[in-house]
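>>> based on what follows, work out the 3D shape:
(one chain, ligands or ions: 1)
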Amino acid sequence: MRVVIQDDYGKMCKWAADHIAAAIRAHKEDRPFVLGLPTGSSPIGVYKELARMNQAGELSFANVVTFNMDEYLGLPHEHDQSYWYFMHDNFFDHLVDMKPENINILNGMTEDPEAECAAYEAKIASYGGVDLFLGGIGVDGHLAFNEPFTSLSSRTGVRNLTTDTRIVNGRFFGGDPEKVPAQALSVGIGTVTDSKEVLILISGHNKARALAASVEGAVSQKWTCSALQLHNNAIIACDEAACGELTVDTYKYFLDIERNERL
Ligand code: GLP
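Next comes the predicted model:
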């Protein structure tokens, strides 16, 4: 695993956007580049920078297919807290050459969640898998909506949200955790770790325990993000604030080994 430590949130986002852009540009195959995407506050700076590059003609999304990680169950597209709405508002609406038919987001209004999730996995497979999955994590280490004790080999399916997550996400629902949907559709940990590359953003003091568990802890379903340790090509991009629970040795090790940071 690589851990790329940046001074602050802005630099972390810039590094991640440059990394994603380099991967898309390097993709020379006929089939599209398949990009997995998250919601949340963590990726917003990355989306802004990727959209800027796209508008400036520095990066094309014409040959990119996207799959989002998750969606609340029971929220229609037009709900301003649906992840469909978030993705269009924060990213897709700002791209000049993203094809709408190449955007894939789980349908939170589906009448058959199991079929919706199975079809999503099949569609990812039909493209030959995800080339790069960008992600964020929750304060309890959840990756997508894979809460603690979700199987590390889980596939796309329905997830019950913990009270903790509904309290944290309540800030987007007028501060009321009860208004946060109790269930979501989410890719599995196995879906994410099947990707050729995984890039996880971890920013801020409130993620420090999750970062330490991801990097220094044992691989455990208690911290589902720790599954990254078993991936052959996983990167965590983080900021200084998130490093507060790493041991000094670990922190110095990654600064040392990444001193000539590769994109
Ligand atoms: C939600 C999403 C996760 C996301 C997490 C962290 O729970 N389902 O995919 O990683 O929030 O969000 P933030 O980046 O706002 O801390």
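>>> N206 - nearest residue in space that isn't next to it in sequence?
V139 (5.3 Å; C-beta to C-beta, 6 or more residues apart in numbering). Every residue, glycine included, has its C-beta placed from N, CA and C.
>>> three-state assignment of the one you found?
With DSSP: H, G, I helix; E, B strand; the rest coil as the basis, V139 sits in coil.
>>> wait, it sits on A208?
No. Under the criterion of C-beta atoms under 8 Å, V139 makes no contact with A208, lying 9.3 Å away.
>>> next SSE after the helix or strand bottoming out on mean pLDDT in the chain?
Least confident helix or strand of the chain, by mean pLDDT, DSSP states H and E, is helix 163-169 with a mean of 92. Following helix 163-169 in sequence order, the next helix or strand is strand 183-186 (DSSP states H and E).
>>> quick one: that following strand near the ligand?
No. Strand 183-186 does not reach the ligand (C-beta under 6 Å from any ligand atom); its nearest approach is 6.9 Å.
>>> the helix or strand just after that strand near the ligand anywhere?
Counting by DSSP H and E, the next helix or strand C-terminal to strand 183-186 is helix 189-193. No. Helix 189-193 stays clear of the ligand (C-beta under 6 Å from any ligand atom), getting no nearer than 10.3 Å.
>>> so how far is the least confident helix or strand of the chain off the chain centroid?
Chain-centre distance of helix 163-169: 18 Å, with C-alpha atoms, centre = their mean, to the nearest Å.
>>> who touches the residue in the chain that the ligand sits nearest to in this structure?
Nearest residue of the chain to the ligand, counting by C-beta to the nearest ligand atom: G40, 2.7 Å away. G40 makes contacts with G136, as judged by C-beta atoms under 8 Å, 6 or more residues apart in numbering.
>>> quick one, phi/psi of it?
phi 100, psi 170 (degrees, to the nearest 10).
>>> could you do G36 as well?
phi -90, psi 140.
>>> cool, and H231?
The phi/psi pair for H231 (degrees, to the nearest 10) is phi -90, psi 140.
>>> once you drop chain neighbours, what's closest to it?
T193 is the one closest to H231 (C-beta to C-beta, 6+ apart), at 5.1 Å.
>>> try M98
Per C-beta to C-beta, 6+ apart, closest to M98 is F61, 4.3 Å.
>>> what about that neighbour, which SS state?
Classified using three-state DSSP, F61 is coil.
>>> show me the contacts for it.
Per C-beta under 8 Å, 6+ apart, neighbours of F61: I24, N54, L95, D97, M98.
>>> hey, where'd the strands end up in the chain?
Using DSSP state E, the strands of the chain run over 2-6, 33-37, 64-68, 70-72, 103-104, 132-136, 157-160, 183-186, 197-202, 234-239.
>>> verify the stated contact: S203 with Y9.
Yes. Counting by C-beta under 8 Å, S203 touches Y9, with 4.9 Å between them.
>>> where do the contact lists of those two overlap?
D239, A241.
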